[in-house]
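> give the three-dimensional model of this entry:
(2 chains)
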Amino acid sequence: MFETLRQSLKTGVVTTTYPATPPEVSSRTRGRPEIDWTHWLDSRPAAAVCPTGAIAAHDEPDEGGMNRSATLDLAKCVFCGSCADVDPAIRMTPQCELSARSRDSLRHTARYRLNDDGTHQRLLEAPPPAASAEWIAAAGRQLETRIQSVLGRSLHIRHVDAGSCNGCEVEIHGLNSPVYDIERFGIHFVASPRHADMLLVTGPVTRNMELALKKTYAATPDPRLVVAVGACGCSGGIFGVNYATRGAVDAVIPVDVYIPGCPPNPHALLHGILLAIGRLEAGGAKKENG
Amino acid sequence: MNLLPALRSLRDELAQRFGPQLECVDAPQSNELHLHVKPDLAAALCSTFYKKHHGRLAGVFAEDARAEHQVFFVYHLYVLDSIHAFVLVRVAVAAERPELLSLTHAVPAANWQEREIQDLFGIKLIGHPNPRRCALHDDWPEVYPLRKDFDLRSVLPAFEGQRHNFLKVEGDGVFQVPVGPVHAGIIEPGHFLFSVAGEPVLYLQLRMFYVHKGIEKLFESLPITHCVRLAESISGDSGFAHATAFCHAIERVAGVVPPPRARALRTMCLELERLYNHIADLGAICTDVAFVTAHMHAMRIKERILRVNEELTGNRLLRGMACLGGVRFDFDAAQLRVLAELVAELEIQCTDLVALIRGNSGLRDRLETTGVLTPKIARDLGVVGLVGRASGFDHDLRRDFPDDFYDEVQFSVPVFSEGDVQHRMVVRREEIFQSLGILRQVLAKLPQGPLAVEVGEVPPDRVALGYVEGWRGEIFHWVHTAPGNRLARCKIKDPSLQNWPALSEAILDNIIPDFPVLNKSFNLSYSGTDR
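Here you go, the predicted model:
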């Protein structure tokens, strides 16, 4: 008993102040790839090395020449940085707060006019700018009041692994560590979907887990939130759709928030969970287009 | 190839005994013997390697070679730990009559793997004591996904009907407790059916493969460079170990050896992966018997390691670090200082954590003699890794088959024969300090030089074995290359697949409330098992 107390006192407080302060990540961490759309000369080498098709090019003829739609899909990205290795127009940034409320907003597509050799001649249309950092910060500040007013100071999460490689689970465990301590927000992981307000779903949904996921969703009382976690949960990731997997979580049940990452770190997970809470109005009704 | 002397005498012994029945004897590596045989010889060879030479059957897998050879091949991988050698037996099975005698009666360790071959290839294992479905649940249509004429992108009807016909356990006061696939904690899905009389468990049936993702089939569809990223996603908590095992296999096919610095950095990453998992497990075992304080300290220490992983490789789970021919990122002086500081700090923190755990007599009371896996059963089931080492099975690929930087460092392999939860924890505890020692030695000896050798396009129609002692145990990747820098087959063997059946033995006569801590002391990967 004395040793237990001694060690606890010696350790002191280790809990992060996120989201009041920025995520504590290394400057070397590979977060959102940033593409210099204006000076991107050719999307094909990056697309060729991308293991998940997160960078893809689609060419079509237009007015006697060729146009290309070049897409960066953060829902598919596993943040390996292979694209940045081969393409000077791509840089890996440490930004990890990438959650979004719609699948579409994770896709960034630019249109190019092409030269005869298939390289980019000029940018026709740049993708809309990424979600602003200010919005993210504001969501963080509003968290405490929202949880208090909406959920009676508590949110209960049921985690469902629908096919994950267990990488996401390693990081979800981190939310319960004293460093991230998700309970300081009144958020708890619970043992039954019947006690849950939110399902945190990982994995490409396998054929063998599809029914279990649907049943878990059905057992969760309304209003319920669904958060798809990781590249696989958001898009099927490197596994995609095959004989044994259905791919993304939203192919099986409706999803409110997508958290990209492979795996998303605890900051990113927390950010996504906060974003999902923003979809609930006071009184518990679900906003349609939050 | 300069064959190991012990393996050379084994080869001579085989030649003398079986002579012309051995169609081909090849030695692609100094510690590997490959034999091609007809089906009738498989059982005799099994008896030779398993019984006479006290080897173990570490892998049973198949390959569809009907297009080139008009047969299926079934492979038996034997590990002869005492002479530090592998023997891979290739058995040709006629395509028109895909049947082979089961080895499970002689070697219970083959049980699940043989059933997996039945499910995925449609090769019938004659005489298997429990030939029911395993890898594909009972509702799956008649498909054989790993046959070449089955398309990866086939769309199968959604699940309906029955997953499995469980055996019924009946009697006065006997009832059954189904658990899963969606569990109460933050863990992977699987189904456990306990048959109990009062509290003690009479029988435990496991149903796995809920997260079967078609990974081995997927390997056949991707370029080899992309396969490294896929290997990282076989089991997320062993991502670097799996990717490294895969890289070893491809490097052997290509005939290249990664430069010394790359081998040293790989060893560092493998030990970091072992550390964060072992430390988390110490805590998790404590929390399952309600000693949460130790768990919180363990989680804090684990987080510290994950942040150093991120500082070293740009990813907290070391993803993106592995590449063919070496590693992708170097550690500069500042990063090495961060690692050295971590090692020094962990020595103190882990000593404190161990003191905390040791000082709790209630914890000991719950863990000692709980969930005993006897050495005899461990041997029969071919249990590997730390679970095996807690049950008297003295093997560790790092010591017996050193690769990367492991032959340049000194370490000991803790082995105990008690086989209870307590000793699975003690093995982890001892391995933590051994890992810290390994890291200190690699830091002191870190060679200079390039990070990787060029691998280029790998030659087609070659086979090779890659292996790594991950934190759970031995990981094997066996590859067969195809033209165009692709793979004809990649067999993945995660230690979890071998260890799951042992859980059913270890729980017998224990009570259900002890199952969580028993399961945690094994901490097997569902994804690694199911693939």
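> contacts only, for whatever residue of chain B ends up closest to chain A.
When scored by C-beta to the nearest C-beta, chain B has residue B:236 as its residue closest to chain A, at 2.5 Å. Heads up, the C-betas are built off the backbone N, CA and C, glycines and all. When contacts are counted by C-beta atoms under 8 Å, 6 or more residues apart in numbering or on different chains, residue B:236 is found next to A:164, A:165, A:166, A:167, A:168, A:169, A:170, A:263, B:317, B:527.
> so which helix or strand takes in the last one?
Think residue B:527. Following DSSP states H and E, one finds residue B:527 within helix B:526-530.
> now do the fifth one
Element membership of residue A:168, judged by DSSP H and E, is helix A:167-175.
> show me the strands in the stretch 401-531 of chain B, by range?
In the stretch 401-531 of chain B, the segments counted as strands under DSSP state E, counting those that start in this stretch are B:463-469, B:474-482, B:486-493.
> out of those strands, which gets nearest to residue B:223?
Set against residue B:223 and scored by C-beta to C-beta, the strands of the stretch 401-531 of chain B come closest in strand B:486-493, at 6.4 Å.
> for the closest one, name the packing helices and strands.
For strand B:486-493, the elements it packs on are strand B:56-65, helix B:215-219, helix B:224-232, strand B:474-482, judged by 3 or more C-beta pairs under 8 Å, 6 or more residues apart in numbering or on different chains; DSSP states H and E.
> tell me the helices and strands packed up against the helix holding residue A:168.
strand A:155-161, strand A:198-202, helix A:230-235, helix A:266-277, helix B:292-313.
> what about the next helix-or-strand element following it and chain B, any contact?
Going down the chain from helix A:167-175, the next helix or strand is strand A:187-189, by DSSP H and E. Yes - interface with chain B: strand A:187-189 contributes residue A:189 (C-beta under 8 Å from any C-beta of the partner chain).
> report how many residues lie close to the closest residue in space to residue B:117 that isn't next to it in sequence.
Nearest residue to residue B:117 in three dimensions, chain neighbours excluded: residue B:62, at 4.6 Å (C-beta to C-beta, 6 or more residues apart in numbering or on different chains). The number of residues packed near residue B:62 is 26, by other C-beta atoms under 10 Å in any protein chain shown.
> ditto for residue A:214
Close neighbours of residue A:214, defined as other C-beta under 10 Å, add up to 16.
> can you check residue B:154 too?
14.
> repeat for residue B:373
By the measure other C-beta under 10 Å, the count of residues near residue B:373 is 30.
> mind checking what secondary structure it has?
Using DSSP: H, G, I helix; E, B strand; the rest coil, the structure places residue B:373 in coil.
> quick check: pLDDT value at it.
At residue B:373, the pLDDT value in this model is 95.
> how near is it to residue B:531?
Here residue B:373 is placed at a distance of 24 Å from residue B:531 (C-beta to C-beta, to the nearest Å).
> and what of residue B:482?
20 Å.
> more neighbours: which of those two?
Ranked by neighbour count (other C-beta under 10 Å), residue B:482 and residue B:531 place residue B:531 first, with 26 against 16.
> that one contacts residue B:210, correct?
No - between residue B:531 and residue B:210 there is no contact under C-beta atoms under 8 Å: 11.8 Å.
> residue contacts, residue B:174?
For residue B:174, the contact set (C-beta under 8 Å, 6+ apart) comprises B:195, B:196, B:197, B:202.
> same deal with residue B:98?
Residue B:98 neighbours (C-beta under 8 Å, 6+ apart): B:72, B:121, B:122, B:123, B:124.
> pull the helix or strand with minimum mean pLDDT from the chain.
Just so you know, I chose chain A. Scoring the helices and strands of chain A by mean pLDDT, DSSP states H and E places helix A:133-151 at the bottom, with a mean of 60.
> if you could check chain B rather than the one you did, that'd help
For chain B, judged by mean pLDDT, DSSP H and E, that is strand B:24-29, with a mean of 86.
> angle of the next helix or strand after that strand against strand B:24-29?
Downstream of strand B:24-29, the first helix or strand assigned by DSSP H and E is strand B:32-37. Taking axes from the mean of the first three to the mean of the last three C-alpha atoms, to 10 degrees, one finds that strand B:32-37 is oriented at 160 degrees with respect to strand B:24-29.
> average pLDDT for strand B:32-37?
For strand B:32-37, mean pLDDT is 92.
> now do that strand: distance to the chain's middle.
Distance of strand B:32-37 from the chain centroid (C-alpha atoms, centre = their mean, to the nearest Å) equals 22 Å.
> residues in contact with the residue in the stretch 151-290 of chain A that chain B sits nearest to?
In the stretch 151-290 of chain A, no residue comes nearer to chain B than residue A:167, which is 2.5 Å away by C-beta to the nearest C-beta. The neighbours of residue A:167, taking C-beta under 8 Å, 6+ apart as the test, are A:230, A:262, A:263, B:233, B:236, B:237, B:239, B:317, B:319.
> what sits against the residue lying closest to residue B:518 once chain neighbours are set aside?
Nearest residue to residue B:518, sequence neighbours excluded (C-beta to C-beta, 6+ apart): residue B:371, at 3.7 Å. Going by C-beta under 8 Å, 6+ apart, residue B:371 touches B:420, B:421, B:506, B:507, B:510, B:514, B:517, B:518, B:521.
> what about residue A:2, neighbour count?
By other C-beta under 10 Å, the burial measure for residue A:2, its neighbour count, is 7.
> ugh, wrong one, I meant residue B:479
Using other C-beta under 10 Å, the number of residues around residue B:479 comes to 26.
> dihedrals phi and psi, the residue nearest to it when sequence neighbours are not counted?
Using C-beta to C-beta, 6+ apart and skipping the chain neighbours, the partner closest in space to residue B:479 is residue B:249 (4.5 Å). In terms of degrees, to the nearest 10, the main-chain angles of residue B:249 are phi -60, psi -50.
> need the residues that contact stretch B:417-427.
B:281-282, B:285, B:357, B:364, B:366-375, B:378, B:386-387, B:389-392, B:414-416, B:506, B:514, B:517-518, B:521-522.
> which among those end up buried?
Among the contacts of stretch B:417-427, those classed as buried by neighbour count (16 or more other C-beta atoms under 10 Å in any protein chain shown) are B:281-282, B:285, B:357, B:366-367, B:370-373, B:375, B:378, B:386-387, B:389-392, B:414-416, B:506, B:514, B:517-518, B:521-522.
> now, those that are in helices?
Within these, residues falling in helices by DSSP state H are B:281-282, B:285, B:357, B:366-367, B:375, B:378, B:386-387, B:389, B:506, B:517-518, B:521-522.
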